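Enquirer: Make a model of this:
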Amino acid sequence: MKATFLAILAVSLAFGACNSPEGSKAPAESGSQAQDTSQGARPVISFEKQVHDFGKIVAGEVVEYSFKFKNTGNRDLLISRAEASCGCTIPEWPKAPIRPGDSAYIKVKFDSKGRPEGYTEKEIYIEANTEPSGNAGPRITAEIVAKK
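Expert: Reported below is the predicted structural model:
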């Protein structure tokens, strides 16, 4: 009986030591510590202009503008997705990586067909390998007026 009790006590102490916080520190302290040198090395998307105003446009008109941006970070910038706040606005973005210091364009096409008259504003949302990965991008504005 005593031997069984001691065996159970020994096993529970062994499992308890493996699950303790001190037990999980031992391997990290004994080996060499690898440092993440890529931390801080990130692409940064910087737009030359945040808002483009088309002014007055006639209902049904399709207009477009290309927003120039630069990778001001220190790693290649990869844009995986760009979308607008409305289906009437279509962004086109470069699929190739943009190297640090290089510039590129995101073309935004706005179709006013079926849109109500008056002021409108559409924002472009960009997903890239930046931190954070989702970015509020540039915006377009316009005043839609009736055809005469």
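Enquirer: mind listing the helices in this structure by residue range?
Expert: With helices called from DSSP state H, the chain shows them at 2-19, 21-30.
Enquirer: In this structure, which residue is most central in space?
Expert: S133 (2.0 Å; CA atoms, centre = their mean).
Enquirer: Contacts only, for that residue.
Expert: E127 (CB atoms under 8 Å, 6 or more residues apart in numbering). C-beta coordinates here come from the backbone N, C-alpha and C atoms, glycine included.
Enquirer: One more: N71?
Expert: N71 neighbours (CB under 8 Å, 6+ apart): P43, V44, I45, S46, L77, I98, R99, P100, G101, D102, S103, A104.
Enquirer: try N135
Expert: When contacts are counted by CB under 8 Å, 6+ apart, N135 touches I45, Y125, I126, E127, A128.
Enquirer: which stretches of the protein have low pLDDT?
Expert: 1-40 (pLDDT under 70).
Enquirer: Which parts of it are strands?
Expert: With DSSP state E, the ranges of strands along the chain come out as 45-47, 51-58, 62-71, 79-84, 89-92, 103-111, 118-128, 134-145.
Enquirer: about what we covered before: restricted to buried residues, select the contacts of N135 in ChimeraX.
Expert: Selecting only the buried entries of those in ChimeraX, with 16 or more other CB atoms under 10 Å as the criterion:
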select :45,126,127,128
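Enquirer: Can you pick out the most distant pair from the contacts of N135?
Expert: I45 and Y125 (12.2 Å; CB to CB).
Enquirer: overlap in contacts of the two?
Expert: N135, G137.
Enquirer: is I124 in a bridge, and if so with what?
Expert: On the basis of DSSP bridges, I124 is bridged to A84.
Enquirer: again, but for the one 10 residues further on
Expert: The partner list for G134 in beta bridges (DSSP bridges) reads E127.
Enquirer: Just to check, it is in contact with E127?
Expert: Yes. At 5.5 Å, G134 counts as touching E127 under the criterion of CB atoms under 8 Å.
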